[in-house]
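Enquirer: sequence and predicted structure below; questions after.
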Amino acid sequence: MERLDPARTALLVVHMAKGVAGQVDTPFDRIFRERTAKTGIIRVQARLLDGFRRAQAKVIYTLVTYQQGLPGVKPNSPLFRMLVESPTLLQGTSAVEVIDDIAPRPDEPVVRGQAANGFDGTALNTMLRVAGVDTVVLVGIATDVAVESTARVASDLQYRTIIVSDACQADSDEAHARALHVLQKWFGETPTADEVLSALRIATADPNHRAAWA
């Protein structure tokens, strides 16, 4: 893949909440926790976080977070019907904290919204523009829901859009593969974490930096 300029690239960690794939029991966690352990995506995300932080590239977290009482949420879709029937991912609860192993540092923003995509009703686009970012690298859950939704909007907003194929997951291998196929066909790139890190290292390489990555 083409090189990545750390000054113009941001890692978006999408919907990696304790109530989605952590130790907080929710309807979503029951779907994704076991698959998260099986696929090992948290380890892959941790490697990417380390690489982006070393390269001094921007890291931003997006989380779906609902207000108590679910104002503005209607059961117009299977996703929202599940939420209305079993309210969860509520503001101020541990379910909407980032999983500890990939938790944000104090200087890394956490953007919260109520839509599947991280741009709707949030300051995410403004943050990226102000930082001079023109490339976004997405990891998270679910490949065919929040990750795909965010990637599609990023592409519409003219960002170079990269979805890390082995740092995302869906509720099945088939759903994950289908989403990646559509994203790669129409909206962005779907490299592995190793390919992303290699592109980032090339962009920042000097002899000392290469030694640090050895």
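Expert: Received it, and whenever you're ready, just let me know what you need. Residues are numbered from 1 along each chain as shown.

Enquirer: which positions in stretch 146-164 come out as buried?
Expert: The neighbour-count check on stretch 146-164 (16 or more other Cβ atoms under 10 Å) flags 146-155, 159-164 as buried. To be clear about C-beta, it is placed using only N, CA and C from the backbone, and glycine gets the same treatment.

Enquirer: inside helices: which ones of those residues?
Expert: Among these, the residues falling in helices (DSSP state H) are 148-155.

Enquirer: picking that back up, so which of the buried residues of stretch 146-164 comes closest to V59?
Expert: Comparing these against V59 with Cβ to Cβ places V164 closest, at 13.4 Å.

Enquirer: the nearest residue to that closest one once chain neighbours are set aside pairs with what?
Expert: Nearest non-adjacent residue to V164, counting by Cβ to Cβ, 6 or more residues apart in numbering: V139, 5.0 Å away. Beta-bridge partners of V139, counted by DSSP bridges, are V13.

Enquirer: distance check, V139 against I102.
Expert: Distance, V139 to I102, using Cβ to Cβ, to the nearest Å: 9 Å.

Enquirer: after the longest strand seen in the chain, next one along is what?
Expert: Longest among the strand segments of the chain by residue count, using DSSP state E, is strand 160-169. Following strand 160-169 in sequence order, the next helix or strand is helix 173-186 (DSSP states H and E).

Enquirer: got the angle between that next one and helix 148-156?
Expert: Calculated by axes from the mean of the first three to the mean of the last three Cα atoms, to 10 degrees, helix 173-186 forms an angle of 10 degrees with helix 148-156.

Enquirer: other residues contacting helix 173-186?
Expert: Contact partners of helix 173-186, identified using Cβ atoms under 8 Å, 6 or more residues apart in numbering, comprise 142-144, 147-148, 151-152, 155, 161, 163, 165, 168-170, 190.
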